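Asks: Structure for this input, please:
(4 chains)
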2 protein chains.
Amino acid sequence: MLSSFAVLSSSDVDRIRGWFRGPALAHPPGGPIPLHPERKDARVVARGWVARGAMLEDGRRQIVGLSLPGDVILATDSVDADMAVWALTDASTLDATLLWDAISEGADFSPRLLEAWRQFRSAERLRLARHVIRLGRLSAYERTAHLLLELYERQSRLGAVEPGVLHLPLTQDMLADILGLSAVHMNRTLQQLRRAGLVDYRTGRAILPDLSGLALAAGLSIADALADARNFGD
Amino acid sequence: MLSSFAVLSSSDVDRIRGWFRGPALAHPPGGPIPLHPERKDARVVARGWVARGAMLEDGRRQIVGLSLPGDVILATDSVDADMAVWALTDASTLDATLLWDAISEGADFSPRLLEAWRQFRSAERLRLARHVIRLGRLSAYERTAHLLLELYERQSRLGAVEPGVLHLPLTQDMLADILGLSAVHMNRTLQQLRRAGLVDYRTGRAILPDLSGLALAAGLSIADALADARNFGD
DNA sequence: CGCTCAATTGAGGAGTATCAATGATTGTGG
DNA sequence: CCACAATCATTGATACTCCTCAATTGAGCG
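Replies: Residues are numbered from 1 along each chain as shown, chains lettered A, B, ... in the order given. Model prediction:
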């Protein structure tokens, strides 16, 4: 959500709202989010979780990133033939082409708004980089801990959540498709984390009773673990 | 290189040059590229290959992306504690903070220049997404083919190269750190590709005698293979 | 000619995938 | 209210990909 990246005036917030046009489209789980690259389409997630990623011909699936309510998805970010955007849960989206137009033209944009947009994009880019590191060099156990921490931090930033409670409306299948694992191994890894007292997973939510233990399990340096712990308090 | 993304007037090109300030810094292989996030630093690669990535405490290394001559690196892209930027080959860079400033303020920018910058950033983002897919769902064999094709396509876009010849100043160690493999397995995978008649690797360069075969090995759909083959002719 | 660095090879093991089956839960129509 | 289907989670067994360790070869290079 843009407003989480900069202090925006209420007129800024109004302006943002003005860029989102109905009608809201409803997307069932698994349903595609229509985005036409040639038209420089953009949509904002109003409700539910949305995946950006690829579906290979042989059935392999890889989720590249998640878009949560308030996040804007640009068509140009998924230009590739085998790249797609689809709903993971029941979701709805609004047209945000006007926002993208406004940014393209640079006009009609308060400095703060521009800064918020840049930070949103920058945060997405950083998450992509972290995702690469997870998939390239972390074990299944580390990957899972790392992802859960990232999601928890992301939700904390958006608003107050119960400490240690992560809203996680994803099946183990979906988690596997994020982390590049088989569903079976995803399941076993979650069990390992549960036995270690770090994660209690159920469809819909996960409880993280020991954040610093989880950070340790994620293979992060101690410095990072502390920094993360600090962020969680935000 | 920005000029590869849009038709720019010579005055545009001059303006770009004006944003790059000496002195050029020389970086030995492995040497860090200094970027200070708090100062909104930016540098442009003048010579050599540069890696963006992470070096974990236990020695594991993951390269998230490559920056080639002409590419601009923003400090804000590597804000993370465990994220770093370093030279892979002998390299040199120039300060590009002025470019970043100009973009931030939006002023002094011709529409074409802005478009070129956006496309550069968009291409980087797309490569990141592809990298995630490679690491998450492709086998070592597929990954390697996929990466070599991407590098070949990237170089073709920059300028005429001998057909089928890829300039590749990376050791197998470095390739392994890009693809999330051990150096030993990297070696064996390259041998597999050689035996299949798809890649002839030597330090400094690789020969790709059969691009469509390579595309097939990369696990791409036929449609993609054809599209890629077309692009190579650019 | 001995360095050093990169590439290569072999052997054994850890991590993860695949296949197949079984529970558990939830929603649905009879 | 029950039978049924559908989805998700779980388990066991086995195979394979890839890693690790250790050693060797080959290629510059002072």
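
Asks: Burial check on the residue in chain A that DNA strand C sits nearest to, number of neighbours?
Replies: Here chain A gets closest to DNA strand C at one residue, residue A:185, 3.0 Å apart by CB to the nearest atom of the strand. For the C-beta atoms, the positions are set from N, CA and C on the backbone; glycine is no exception. Applying other CB atoms under 10 Å in any protein chain shown, we find 13 other residues in the vicinity of residue A:185.

Asks: Residue ranges in chain A under the pLDDT threshold?
Replies: When residues are selected by pLDDT under 70, those of chain A lie in A:1-4, A:6-7, A:79, A:81, A:106-109, A:220-234.

Asks: Specify the residue ranges that define each domain of chain A.
Replies: A:2-119, A:140-232 (automatic domain parsing).

Asks: how about those, which one is nearest chain B?
Replies: domain A:140-232 (3.2 Å; CB to the nearest CB).

Asks: Now look at stretch A:117-133 and say if it contacts DNA strand C.
Replies: No - Stretch A:117-133 stays clear of DNA strand C (CB under 7 Å from any atom of the strand), getting no nearer than 13.8 Å.

Asks: Please apply the same query to stretch A:26-43.
Replies: No - using CB under 7 Å from any atom of the strand, stretch A:26-43 never reaches DNA strand C; the gap is at least 12.4 Å.

Asks: how long is that stretch from one end to the other?
Replies: This stretch, stretch A:26-43, spans 12 Å end to end (CA to CA, to the nearest Å).

Asks: hmm, back to that, wait, the residue of chain A closest to DNA strand C touches residue A:143, no?
Replies: No - with contacts counted by CB atoms under 8 Å, residue A:185 stays clear of residue A:143, the gap being 10.6 Å.

Asks: can you pull the contacts of the residue nearest to residue A:67 when sequence neighbours are not counted?
Replies: Computed as CB to CB, 6 or more residues apart in numbering or on different chains, the closest residue to residue A:67 that is not its neighbour in sequence is residue A:50, at 4.2 Å. By CB atoms under 8 Å, 6 or more residues apart in numbering or on different chains, the contact list for residue A:50 reads A:27, A:33, A:66-68, A:71, A:73, A:85-88, A:91, A:93.

Asks: in chain A, which residue is closest to the centre?
Replies: residue A:66 (3.3 Å; CA atoms, centre = their mean).

Asks: got the contact list for that one?
Replies: A:49, A:50, A:51, A:52, A:88, A:151, A:178.

Asks: for it, helix, strand, or coil?
Replies: Secondary structure assignment for residue A:66 (DSSP: H, G, I helix; E, B strand; the rest coil): strand.

Asks: What parts of chain A come near DNA strand D?
Replies: So far as CB under 7 Å from any atom of the strand goes, chain A lies against DNA strand D at A:29, A:171, A:172, A:173, A:183, A:184, A:187, A:188, A:190, A:191, A:201, A:203.

Asks: Show the contacting residues for the third one.
Replies: In other words, residue A:172. Here residue A:172 is in contact with A:183, A:186, A:187, A:190, A:201 (CB under 8 Å, 6+ apart).

Asks: helix or strand for the fourth one, which one?
Replies: Here residue A:190 sits within helix A:183-195, counting by DSSP states H and E.

Asks: Give me the buried positions along the helix or strand just after that helix.
Replies: The helix or strand immediately downstream of helix A:183-195 is strand A:200-202, counting by DSSP H and E. Within strand A:200-202, the residues scored as buried using 16 or more other CB atoms under 10 Å in any protein chain shown are A:200, A:201.

Asks: Tell me the first helix or strand C-terminal of strand A:200-202.
Replies: strand A:204-207.

Asks: Give me the sheet partners of that next one and which way each runs.
Replies: With DSSP bridges as the test, strand A:204-207 is paired with strand A:165-168 (antiparallel), strand A:200-202 (antiparallel).

Asks: Please enumerate the strands of chain A.
Replies: For chain A, strands defined by DSSP state E occupy the ranges A:21-27, A:42-47, A:50-55, A:61-67, A:72-74, A:83-87, A:91-95, A:165-168, A:200-202, A:204-207.

Asks: so residue A:128 sits right up against residue A:63, yeah?
Replies: No - in this structure, residue A:128 is not within contact of residue A:63 by CB under 8 Å, at 11.7 Å.

Asks: These two: who's more crowded?
Replies: Per other CB under 10 Å, whichever of residue A:128 and residue A:63 has more neighbours is residue A:63, with 25 against 20.

Asks: list the contacts for that one?
Replies: If you count contacts by CB under 8 Å, 6+ apart, then residue A:63 has A:51, A:52, A:53, A:174, A:177, A:178 around it.

Asks: next one: residue A:42
Replies: Contacts of residue A:42 by CB under 8 Å, 6+ apart are A:35, A:72, A:73, A:74, A:75, A:95, A:96, A:97, A:99, A:100.

Asks: and if we set it to 6 Å?
Replies: A:72, A:74, A:96, A:97, A:100 (CB atoms under 6 Å, 6 or more residues apart in numbering or on different chains).

Asks: Most neighbours among those residues, which one is it?
Replies: residue A:72 (25 neighbours).
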